[in-house]
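> kindly return the folded structure for what I paste below:
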Amino acid sequence: MTSYPHPSPGTPEPPAMSEAAFRELYRRMRDERVPGGTGDRPGALAELTPERVAAAAAEVRLGRSVSLAAPVETRPGPDSPEPATHRMTAPARREPDGYGLRFARDRFAMNVHGDVDSHLDALCHVIFDGELYGGVPASTVTPDGADALTLDLVRDGIVGRGVLLDVPRLKGVRWLEPGDAVTAGDLAAAEAAQRTTVGPGDLLFVRVGHRLRRRTLGPWDVTGARAGLHPTAMRFPAERRVAALGSDGNSDTAPSPVAGVAFPVHVLAVNALGLHLMDYLDLEELAAECARQDRWHFLCVVAPLRLPSATGSPVNPIAVL
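The predicted model follows:
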């Protein structure tokens with residue numbers, strides 16, 4: 001069991017934002033985003049250079065791999081009204097046993113962008129004011145699929161130096177409560193407390209304790225209440241020039257602190273900064289292992305499915321310590 005420090009003095013709740021203030025923040029981040037929006041690795045992935053990947057691989061010490069994904073949920077619940085479906089297509093129920101060759105077969109289907117299963121968001125996932133990341137017209141996404149900024153951009157995977165920032169550990173609690181919002185100051189404080197650094201090309205993972213709370217207290221309707229990042233916290237990954245962002249929630253706080261914008265962090269991350277998001281990961285085992293080793297960075301390998309025109313994919317990121 002991970003031990004937690006005594007709580008530090010509380011900080012004021014981050015304020016609500018007007019839509020006008022959010023749009024100004026969006027404009028600044030969009031204008032200052034990482035260049036390279038039209039190449040094979042547009043957006044923040046431009047920071048993930050071969051040299052940085054090689055350096056991340058060279059830092060592996062234990063050779064231990066840890067999954068950052070939760071098991072796919074196939075039972076309905078308050079956070080999963082349309083769960084993934086899995087059914088066996090063979091063998092048939094009345095198929096006799098006996099000698100010779102037979103195959104067991106199954107079929108799987110899921111709502112990729114749901115509120116319970118671990119998944120990665122492609123850059124075509126978030127439309128804001130009629131545009132995708134980089135000013136690409138929203139008309140490139142049709143009922144038949146997307147034609148630009150699709151999952152195909154990460155067909156070769158996302159591999160680099162992962163860094164975990166454990167915000168509940170910083171605050172001396174097991175998890176953040178639904179509605180709590182992580183600030184840029186919280187991220188910087190976690191970075192300092194863990195004696196680690198977040199830099200260009202890193203894959204940043206932020207633990208809010210969502211999975212531990214869900215396992216302990218049971219699932220709840222996360223559309224109305226969940227812990228996540230305050231929109232202003234996105235200054236931290238923007239300034240550090242991270243290549244991708246993941247969380248054990250979906251990065252956005254609910255209810256939204258921005259009037260008129262339901263998922264402001266998604267808008268800032270995917271649409272303004274060109275950051276691939278990883279939602280609803282399970283960071284509990286990783287957090288425990290990082291605490292044991294007192295080392296909060298690791299090689300991370302993210303391998304989405306090959307779905308060329310898709311807006312996202314189920315994902316099982318692997319941390320190698």
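> pLDDT weak spots in this structure?
1-14, 34-40, 95 (pLDDT under 70).
> helices of that one, start to end?
Per DSSP state H, the chain carries helices over the ranges 19-31, 50-58, 167-171, 184-193, 210-217, 235-240, 264-266, 284-293.
> any chance of the ones you listed in TSV, plus mean neighbour count?
Bear in mind the C-beta positions are built from the backbone N, C-alpha and C, glycine included. Conversion of the helices of the chain to TSV gives the following (neighbours: other CB atoms under 10 Å):
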stretch	mean neighbour count
helix 19-31	15
helix 50-58	13
helix 167-171	23
helix 184-193	18
helix 210-217	18
helix 235-240	20
helix 264-266	26
helix 284-293	18
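> any chance of those in JSON lines, plus distance to residue 202?
Formatted as JSON lines, the entries for these read as follows, by distance: least, CB to CB, whole Å:
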{"stretch": "helix 19-31", "distance to residue 202": "18"}
{"stretch": "helix 50-58", "distance to residue 202": "8"}
{"stretch": "helix 167-171", "distance to residue 202": "17"}
{"stretch": "helix 184-193", "distance to residue 202": "11"}
{"stretch": "helix 210-217", "distance to residue 202": "21"}
{"stretch": "helix 235-240", "distance to residue 202": "7"}
{"stretch": "helix 264-266", "distance to residue 202": "18"}
{"stretch": "helix 284-293", "distance to residue 202": "14"}
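> for residue 126, which of the ones you listed is the nearest?
In this view, the helices of the chain are compared for proximity to residue 126 by CB to CB, and helix 264-266 is the closest at 5.2 Å.
> identify all contacting residues around the closest one.
Contacts made with helix 264-266 from outside it, assessed by CB atoms under 8 Å, 6 or more residues apart in numbering, are listed as 17, 22, 121, 125-126, 228-229, 231, 233-234, 250-253, 256-258, 277.
> narrow the residues you listed to those in strands?
Among the contacts of helix 264-266, the residues falling in strands (DSSP state E) are 121, 228-229, 277.
> any chance of those in TSV, with neighbour count too?
Written out in TSV, the entries for the ones in strands among the contacts of helix 264-266 read as follows (neighbours: other CB under 10 Å):
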residue	neighbour count
121	26
228	30
229	30
277	23
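> sorry, back to before: how about the helices of the chain, which one is nearest residue 103?
Ranking those by their distance to residue 103 (criterion: CB to CB) puts helix 284-293 first, at 33.1 Å.
> that older thread, what's the closest of the helices of the chain to residue 158?
Of all the helices of the chain, the one in closest proximity to residue 158, counting by CB to CB, is helix 50-58 (9.6 Å).
> residues touching residue 53, list them.
Residue 53 sits next to 159-160 when contact means CB under 8 Å, 6+ apart.
> equivalent analysis for residue 157, please.
Contacts of residue 157 (CB under 8 Å, 6+ apart): 301-304.
> what do you get for residue 282?
Listed by CB under 8 Å, 6+ apart, the contact partners of residue 282 are 67-70, 118, 211, 248.
> nearest to residue 309, of those residues?
The shortest approach to residue 309 among those belongs to residue 118, at 21.2 Å (CB to CB).
> right, and that closest one touches residue 315 too?
Yes: here residue 118 reaches residue 315: they are 5.8 Å apart, a contact under CB atoms under 8 Å.
> any common contacting residues for those two?
Between them, residue 118 and residue 315 share the neighbouring residues 69, 278, with contact defined by CB under 8 Å, 6+ apart.
> re the thing from before, so which of the contacts of residue 282 is the most crowded?
Counting neighbours by other CB atoms under 10 Å, residue 248 comes out on top of these with 29 neighbours.
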